[in-house]
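Asks: Could you look at this predicted model? Sequence included:
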Amino acid sequence: MPRLILKSDNRVLKDHVVGAMSTIGRRPDNTIIIDDAAVSGHHACVFRDGDDLVVEDLESTNGTFVNDKRVTRQPLRRGDVIAIGKHTLLVERVSGDAPAGGDAAKGLMSNPGDTIFLDAKKHQALLAMLSDADVFATSGGSPARIGVLRVVGGDTTPSEYRLEAHTSLIGRSDTALVRLHGWLKPKVAVAIARGADGYVATLMGGKTLINSQPLDGRCKLKDGDVLQVNGLTMEFHLSG
Amino acid sequence: MRLRVGARTDSGRVRDMNEDVYIARADQGLFVVCDGMGGAPAGEIASQIAAETIVEHLYAADRDAADRGAEGRAPNGCGVLPQTSRLADAMRRSNEFIYLQAQHDPEQAEMGTTAVGAWIMQRIASVAHVGDSRAYLWYDNHLERLTCDHALGEPQHVLVRALGREPEVAVDVSEVPLKAGDYLLLCSDGLTRMLPDRAVADAIGQLREPQRICDYLIAAANRRGGDDNITVVVVEVMGNWWQRIATSWKRRPGGGHDAAAHPEV
């Protein structure tokens, strides 16, 4: 996405992202407001023209300069310096060459405040441009290691259960990964959910101890934890 | 397991119309929030269709939908419960439906919607979402976000995934085993753009009653500007009568430990 950096006496005043159209001037209705008597009310504007980023002087009194040359209309390149009054705007980034990206950025600015949809193609183009974009994770991470429950006491087979599913149940239910046998056993004693940052055990019905402490509600599992669920003793391990 | 539910939607302080839609069916444990886009009237239509078709597809869906390969996948790629697959499948079908509708009618060509849904079955909540409407889990005075927004950040708010915009859509799913005393909250970004998570956590911790929580949060978002439509659905997991007594016994008077929120609704 194109960016302009507004400077005065080599001090950076503002880092401005250019959308479809940015206006520069003294009046408050401009996108970039420069409070300087030498600047006209509506002095210049920067906009996209196809793949180009263009600056145009709006018949200002004191003129718009690009790299010290007075211009009326001028396509910009990265590193160009626009001078308006005592202020300068450094062209930090011009939009990528991908036309889709241009469209995306146009879409961005056409409805300020609105939620806009970016389709997959535009998304890719925009991501390519916004190398440092504030992109929220579009897919969560997974715990690098798989959790394993190893049975160390009680009678059930097999003696090791891999917690691969999002939710693994311990109980009498036939959907349970770790089956408890006997009618007095709870249908689901404990549910173990696999999340982005590890495994969490939630008490669902059975009496459960973790490291000899009663499980009350929810508990994050750590490597080496010992679970006791209705007569079954298991160790939780994270396997590489 | 008993559920106590509150829900409310509000157009906010800036918009004339409300493009948000929610569905709250406590008896079925099914909750959906959709935030439409695409301008009048398309945005309203998109979210309405989405909410309706998700519910419809969920019930009409072949019970073996999960076996046909249209399986839901958690973001970390691990397997999910059949009901979670069905919820994701319902969202994908809803996407197709809206997409086709948009192709037919030029006035609706730009329509799309977010969707976040929770389906509680046998004490496990299946959560699925597309877009930037969110699901949260509150427990022990702690608010945990269950979804990640499919959106790019400031200054503009740009969705990178929505229902109805492309022939196919990827639906993110997760599962949350619930316990008595938990609260599940679904909301549109009109809430989360106005209020920090801390304020949401405090409101739940102090108010406890789902409808009061919804009313308070909407009023609070409006006090902060109400830039967008605001929708909140709150589900309280009640447990058995003895669990309810135990829970209230454990709660200190006043609830939350932090008095940052002042429920004055």
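Replies: Thanks, I have it. Numbers count the residues shown, from 1 in each chain, chains lettered A, B, ... in the order given.
Asks: secondary structure class for residue B:201?
Replies: Classification of residue B:201 by DSSP: H, G, I helix; E, B strand; the rest coil places it in helix.
Asks: if I read this right, it contacts residue B:140, doesn't it?
Replies: No. Contact criterion Cβ atoms under 8 Å: residue B:201 and residue B:140 do not qualify, at 10.4 Å. C-beta: built from backbone N, CA, C; applies to glycine.
Asks: what about these two, which has more around it?
Replies: More crowded of residue B:201 and residue B:140, by other Cβ atoms under 10 Å in any protein chain shown: residue B:201, with 22 against 11.
Asks: The more buried one: what's its closest spatial neighbour, skipping adjacent residues?
Replies: Nearest non-adjacent residue to residue B:201, counting by Cβ to Cβ, 6 or more residues apart in numbering or on different chains: residue B:143, 3.8 Å away.
Asks: For chain A, see how far away that neighbour is.
Replies: 13 Å (Cβ to the nearest Cβ, to the nearest Å).
Asks: Quick check: beta-bridge partners of that residue?
Replies: Using DSSP bridges, the beta-bridge partners of residue B:143 come out as residue B:138.
Asks: contacting residues for it?
Replies: Residue B:143 sits next to B:136, B:137, B:197, B:198, B:200, B:201, B:204 when contact means Cβ atoms under 8 Å, 6 or more residues apart in numbering or on different chains.
Asks: how about residue B:106, phi and psi?
Replies: Backbone geometry at residue B:106, expressed as degrees, to the nearest 10, gives phi -60, psi -30.
Asks: Now do the end-to-end distance for stretch B:137-152.
Replies: One end of stretch B:137-152 sits 23 Å from the other (Cα to Cα, to the nearest Å).
Asks: that older thread, looking at the contacts of residue B:143, point me to the pair that's furthest apart.
Replies: B:137 and B:198 (15.4 Å; Cβ to Cβ).
Asks: Who has more neighbours out of these two?
Replies: Just comparing residue B:137 and residue B:198: by other Cβ under 10 Å the higher neighbour count belongs to residue B:137, 21 against 12.
Asks: How about residue A:58, nearest residue that isn't a chain neighbour?
Replies: Nearest non-adjacent residue to residue A:58, counting by Cβ to Cβ, 6+ apart: residue A:42, 5.0 Å away.
Asks: okay, now that neighbour: neighbour count?
Replies: Neighbour count for residue A:42, taken as other Cβ under 10 Å: 16.
Asks: ok, what's across the strand from residue B:120?
Replies: residue B:125.
Asks: That one: what's it in contact with?
Replies: Neighbour list for residue B:120: B:1, B:3, B:29, B:30, B:31, B:126, B:178, B:184, B:235 [criterion: Cβ under 8 Å, 6+ apart].
Asks: Of those, keep whichever come out buried.
Replies: Buried residues within those, counting neighbours by 16 or more other Cβ atoms under 10 Å in any protein chain shown: B:3, B:29, B:30, B:31, B:126, B:178, B:184, B:235.
Asks: ranges for the helices of the stretch 1-150 of chain B?
Replies: Assigned by DSSP state H, counting those that start in this stretch, the helices in the stretch 1-150 of chain B fall at B:42-60, B:82-104.
Asks: Could you measure from the residue nearest to residue B:197 when sequence neighbours are not counted over to residue B:184?
Replies: Spatial nearest neighbour of residue B:197, chain neighbours left out: residue B:143 (5.3 Å); criterion: Cβ to Cβ, 6+ apart. Separation of residue B:143 from residue B:184 (Cβ to Cβ, to the nearest Å) stands at 11 Å.
Asks: which residues do these two both contact?
Replies: Common neighbours of residue B:143 and residue B:184 (criterion: Cβ under 8 Å, 6+ apart): B:136, B:137.
Asks: Can you give me the pLDDT of residue 221?
Replies: Picking chain A for this. Listed pLDDT for residue A:221 reads 95.
Asks: my bad, chain B
Replies: Listed pLDDT for residue B:221 reads 96.
Asks: Show me what counts as buried in the helix or strand hosting residue A:4.
Replies: Taking DSSP states H and E as the definition, one finds residue A:4 inside strand A:3-8. Neighbour-count burial for strand A:3-8, counted by 16+ other Cβ under 10 Å, picks out A:3, A:4, A:5, A:6, A:7.
Asks: and which of those is nearest chain B?
Replies: Of all these, residue A:3 has the smallest distance to chain B: 12.1 Å, by Cβ to the nearest Cβ.
Asks: Mind checking the helices of the stretch 1-150 of chain B for the one nearest to chain A?
Replies: When the helices of the stretch 1-150 of chain B are compared by Cβ to the nearest Cβ, helix B:82-104 sits nearest chain A, at 7.2 Å.
Asks: between that closest one and helix B:42-60, how many degrees?
Replies: Counting by axes from the mean of the first three to the mean of the last three Cα atoms, to 10 degrees, helix B:82-104 lies at 140 degrees to helix B:42-60.
Asks: Which neighbouring elements make contact with helix B:82-104?
Replies: With contacts defined as 3 or more Cβ pairs under 8 Å, 6 or more residues apart in numbering or on different chains; DSSP states H and E, the packing partners of helix B:82-104 are helix B:42-60, strand B:112-113, strand B:115-121, strand B:124-130, strand B:172-177.
Asks: Out of those, which one sits most buried?
Replies: strand B:112-113 (a mean of 33; mean count of other Cβ atoms under 10 Å in any protein chain shown).
Asks: That one - contacts with which helices or strands?
Replies: By 3+ Cβ pairs under 8 Å, 6+ apart, strand B:112-113 packs against strand B:30-37, helix B:42-60, helix B:82-104.
Asks: Turn those into a markdown table, including mean pLDDT.
Replies: Output for these, formatted as a markdown table (pLDDT from 0 to 100):
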| stretch | mean pLDDT |
| --- | --- |
| strand B:30-37 | 96 |
| helix B:42-60 | 91 |
| helix B:82-104 | 93 |
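Asks: for the contacts of residue B:143, which one is nearest residue A:152?
Replies: Of all the contacts of residue B:143, the one sitting nearest residue A:152 is residue B:137; the distance, using Cβ to Cβ, is 31.5 Å.
Asks: who's in contact with that closest one?
Replies: Per Cβ under 8 Å, 6+ apart, neighbours of residue B:137: B:143, B:144, B:146, B:176, B:182, B:183, B:184, B:185.
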